[in-house]
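**Student:** Sequence and predicted structure are below.
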There are 2 protein chains.
Amino acid sequence: MTETNFRCGLEAVLAILGGKWKPLIVYHLASGSKRTGQLRRLVTNVSEKMLIQHLKELADDGVVRRIDFQTVPPHVEYELTDFGRSLAELLAPLCEWGTRHNAEVAMIVEKRARVEELT
Amino acid sequence: MTETNFRCGLEAVLAILGGKWKPLIVYHLASGSKRTGQLRRLVTNVSEKMLIQHLKELADDGVVRRIDFQTVPPHVEYELTDFGRSLAELLAPLCEWGTRHNAEVAMIVEKRARVEELT
DNA sequence: TCCAGTACCAACCATTTTGTAAGTGTAAGA
DNA sequence: TCTTACACTTACAAAATGGTTGGTACTGGA
């Protein structure tokens, strides 16, 4: 069995958080456990299906913990594990950068939209 | 025209670096300008087509600068802009985390591969 | 009795992303 | 003369990811 080897540490992080929604899910869980519906409202544009799927993958990978309160209607909460928290800590500087450069990035996104309209 | 609004700074970062290969491209350019072939060899598993495409997008977004030496055969180098460098700085802690947790992540990846074999 | 709420599933479909292959032009070297 | 190298393009195909819809079960409230 060949050992998985990453060229650099970044590949390892991307292997865990590389999904489209995963960084945002982990980010929102950094402030405390959340129910599925809460996450659905917090994560912009995510569909229910993809939220559930990525949560499942994050749980399988040991990044989040799923807590089923065994009630009806169902009450489920997701929280970060220690492993997940260590990942969430990495996201803080990204958030700060994004907040500082919000205007620049917004311009870039709008410029892309304009270019797309022309093609 | 509606203004692009991000729910959090992380969305802004993902809007720029969210492509599959973009974080790795920016990471490798952090150590200095590179030619296309060099990047191809450094970025694990990337196809030529996707490398070129993501480089183009990063150049369009002002993250990298493309330098054409106007020779034959062609000699082109890519380097980070100041904007790109500020992004690359964000990746350093991710690399460190990934290096520290290399073994854990490798196990996760291998466990996924085993689960996939069973389904 | 009916409806809302919750969390999730499965089937099917759509979209996006990626990969492969063949091609371009031209200087330099074999 | 032919081949190699470079960087990139285009067309087509494949794979991956994502979205929609209808469904499940069951308590509690209207």
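**Tutor:** Sure, I can see it.
**Student:** Correct me if wrong: A:Arg35 contacts A:Glu77.
**Tutor:** Yes. In this structure, A:Arg35 is within contact of A:Glu77 by CB atoms under 8 Å, at 5.5 Å. Backbone N, C-alpha and C define where each C-beta goes, glycine included.
**Student:** Quick check: A:Tyr27 vs DNA strand D, distance?
**Tutor:** Note on A:Tyr27: its distance to DNA strand D, by CB to the nearest atom of the strand, to the nearest Å, is 15 Å.
**Student:** tell me the contacts of that residue?
**Tutor:** A:88, A:91, A:95, B:8, B:10 (CB atoms under 8 Å, 6 or more residues apart in numbering or on different chains).
**Student:** So which of those would count as near DNA strand C as well?
**Tutor:** Among the contacts of A:Tyr27, no residue is within reach of DNA strand C (CB under 7 Å from any atom of the strand).
**Student:** Max pairwise distance over these: which two?
**Tutor:** Maximum pairwise distance among the contacts of A:Tyr27 (CB to CB): 12.5 Å, between A:Ala88 and B:Cys8.
**Student:** re earlier: where's the dip in pLDDT among the contacts of A:Tyr27?
**Tutor:** Least confident of the contacts of A:Tyr27 in the model: B:Cys8, at 84.
**Student:** Next, count neighbours for that one.
**Tutor:** Residues within reach of B:Cys8, counting by other CB atoms under 10 Å in any protein chain shown, total 20.
**Student:** Kindly report the same for A:Ile16.
**Tutor:** Look at A:Ile16: counted by other CB under 10 Å, it has 25 neighbours.
**Student:** Please report the distance of it from B:His101.
**Tutor:** Distance from A:Ile16 to B:His101, counting by CB to CB, to the nearest Å: 9 Å.
**Student:** Same question for A:Gly98.
**Tutor:** For A:Gly98, the distance to B:His101 - CB to CB - is 24 Å.
**Student:** quick revisit: now render the contacts of A:Tyr27 as a markdown table, adding distance to B:Val115 and secondary structure.
**Tutor:** Formatted as a markdown table, the contacts of A:Tyr27 follow (distance: CB to CB, whole Å; DSSP: H, G, I helix; E, B strand; the rest coil):
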| residue | distance to B:Val115 | secondary structure |
| --- | --- | --- |
| A:Ala88 | 25 | helix |
| A:Leu91 | 26 | helix |
| A:Cys95 | 32 | helix |
| B:Cys8 | 32 | coil |
| B:Leu10 | 29 | helix |
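**Student:** For whichever residue of chain A sits closest to DNA strand D, give me its contacts.
**Tutor:** Taking CB to the nearest atom of the strand as the measure, chain A has A:Lys20 as its residue closest to DNA strand D, at 2.7 Å. Taking CB under 8 Å, 6+ apart, we find A:Lys20 in contact with A:50, A:54, B:18.
**Student:** just checking, what packs against the one helix or strand in chain A whose mean pLDDT sits lowest?
**Tutor:** The weakest-scoring helix or strand in chain A, judged by mean pLDDT, DSSP states H and E, is helix A:102-118 (a mean of 85). When contacts are defined as 3 or more CB pairs under 8 Å, 6 or more residues apart in numbering or on different chains; DSSP states H and E, helix A:102-118 sits against helix B:9-17.
**Student:** Is any residue of the helix it packs on near chain A?
**Tutor:** Yes. Helix B:9-17 lies within reach of chain A by CB under 8 Å from any CB of the partner chain, at B:9-16.
**Student:** Just the strands from chain A, written as ranges.
**Tutor:** A:34-35, A:64-68, A:76-80 (DSSP state E).
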